[in-house]
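1. no FASTA, just this:
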């Protein structure tokens, strides 16, 4: 006799929480916190953000986890501060200094060098990174005292600009880059090319894919929303030391963006109720109207403002590849 699958624990809530991650919190810890706050059945993030970094960590709940690849493949924008005069093992403030210099770069020297860091370039990831070396994470090997050879790889930097100069030893940059780019490597390599060395002292991610700073929600805002939904304990419960739990999620759920928010770069196919029903059953539907494309490699279909499916358009018909049945 076949065993029945376990009923998922939690709510079938779906959508995106665009967390303004505080410094000191790991990405995995942030996902666990959101899953607990929203009592969600599933949760995941779209791109690790170092504990020492702050800013945008898009967290997918429920069905939105199916759209994570679309966000991870999008561009990311970082605002970061480099301190000149020292290089560290971690390329940030966490590791000890390995090289130092009394030289400080001029604005003119920096501006002359930046074009070499724009476009598709070859970059060596930091020793302390999540890159896998023969099945082991580079940061695990580095923490064990091993020096590993990490191969250079192509990355794309669409934009790299100076946005501030607090003092002669510090420069603030903003970089818009593609998947796999390490900002700490940019700081390290700039310092080496300038002969003055450098490391990141502050790092903040301000954009991921189609999500912008306007979408950010802080941990304090989330906790305040959770407090609105706490159950009221009786005197007997209070005396027993019972802790209140979130039982009403309306305030929290207002902070969730729809699952389709991750698909802003794709063509949208609006469906009628009958078409949505066919697509949810895995069937293609013929698209009508002059503006409907005959072919489209990736598109998403919506019905009554809700995401129904991701698929392709072939010969004027939408073909679903992945359907969505949850909220959002």
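-> Sure thing, it's come through. Just so we're clear, the structure is a prediction, and the values are computed from it rather than from any experiment.

2. quick one: residue 55 is in a strand?
-> Yes: Residue 55 forms part of a strand when assessed by DSSP: H, G, I helix; E, B strand; the rest coil.

3. Hmm, it is touching residue 202, no?
-> No: with contact defined as Cβ atoms under 8 Å, residue 55 does not reach residue 202; the gap is 10.5 Å. Where C-beta positions appear, they are placed from N, C-alpha and C, glycine not excepted.

4. Settle it for me: which of the two has more neighbours?
-> residue 55 (22 against 17; other Cβ atoms under 10 Å).

5. in the stretch 1-150 of the chain, which spans are strands?
-> Remark: strands assigned in the stretch 1-150 of the chain by DSSP state E, counting those that start in this stretch are 15-21, 43-45, 54-61, 76-84, 86-88, 97-100, 119-123, 132-133, 136-137.

6. Surely residue 277 forms part of a helix?
-> Yes: the assignment for residue 277 by three-state DSSP puts it in a helix.

7. Next one: it, what pLDDT does it get?
-> What the model reports as pLDDT for residue 277 is 91.

8. hang on, the earlier thing: out of the strands of the stretch 1-150 of the chain, which comes closest to residue 171?
-> strand 76-84 (5.3 Å; Cβ to Cβ).

9. quick one: the closest one to chain centroid distance?
-> 17 Å (Cα atoms, centre = their mean, to the nearest Å).

10. partners of that strand, with directions?
-> strand 170-177 (antiparallel), strand 198-208 (antiparallel) (DSSP bridges).

11. okay, these, which one's buried deepest?
-> strand 198-208 (a mean of 22; mean count of other Cβ atoms under 10 Å).

12. so how far does stretch 188-202 reach from one end to the other?
-> Its first and final residues considered, stretch 188-202 spans 14 Å by Cα to Cα, to the nearest Å.

13. residues in contact with the host helix or strand of residue 192?
-> Secondary structure assignment for residue 192, by DSSP states H and E: helix 183-194. Here helix 183-194 makes contact (Cβ atoms under 8 Å, 6 or more residues apart in numbering) with 78, 80, 82, 84, 87, 90-92, 103, 105, 109-110, 113, 116-117, 123-126, 157, 160, 173, 175, 177, 197-200, 203.

14. returning to that earlier point: need the strands paired with strand 76-84 in CSV (columns: mean pLDDT and distance to residue 240).
-> Output for the strands paired with strand 76-84, formatted as CSV (pLDDT from 0 to 100; distance: least, Cβ to Cβ, whole Å):
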stretch, mean pLDDT, distance to residue 240
strand 170-177, 98, 53
strand 198-208, 97, 44
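
15. mind putting those in TSV, distance to residue 322 included?
-> Formatted as TSV, the strands paired with strand 76-84 follow (distance: least, Cβ to Cβ, whole Å):
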stretch	distance to residue 322
strand 170-177	28
strand 198-208	21
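
16. Among those, which comes closest to residue 305?
-> strand 198-208 (23.5 Å).

17. and after that closest one, which helix or strand comes next?
-> Sequence-wise, the next helix or strand downstream of strand 198-208 (DSSP H and E) is strand 217-218.

18. distance between that next one and the chain's centre?
-> Centre-to-centre, strand 217-218 and its host chain are 14 Å apart (Cα atoms, centre = their mean).

19. which one of the strands of the stretch 1-150 of the chain lies closest to residue 214?
-> strand 15-21 (9.1 Å).

20. Now do that closest one: everything it contacts.
-> Outside strand 15-21, the residues that touch it by Cβ under 8 Å, 6+ apart are 27, 30, 34, 38, 49, 53-62, 64, 211, 215-219, 222, 255-259, 261-262, 327-328.

21. How about stretch 282-289?
-> 269, 271, 275, 278-279, 293, 313, 316-320, 323.

22. Drop the exposed ones from those residues and show what's left.
-> 269, 271, 275, 278, 279, 313, 318, 319, 320, 323 (16 or more other Cβ atoms under 10 Å).

23. Find the nearest non-adjacent residue to the last one, please.
-> Which is residue 323. Closest residue in space to residue 323, ignoring its immediate chain neighbours: residue 309 at 4.5 Å, by Cβ to Cβ, 6 or more residues apart in numbering.

24. what bridges to that neighbour?
-> Residues in beta-bridge contact with residue 309 (DSSP bridges): residue 301, residue 323.

25. can you tell which of the strands paired with strand 76-84 is closest to residue 149?
-> Nearest to residue 149, of all the strands paired with strand 76-84, is strand 198-208, at 21.0 Å by Cβ to Cβ.

26. and the helix or strand residue 155 falls within, which strands flank it?
-> Assigned by DSSP H and E, residue 155 belongs to strand 153-167. Paired neighbours of strand 153-167 in the sheet (DSSP bridges): strand 119-123 (antiparallel), strand 170-177 (antiparallel).
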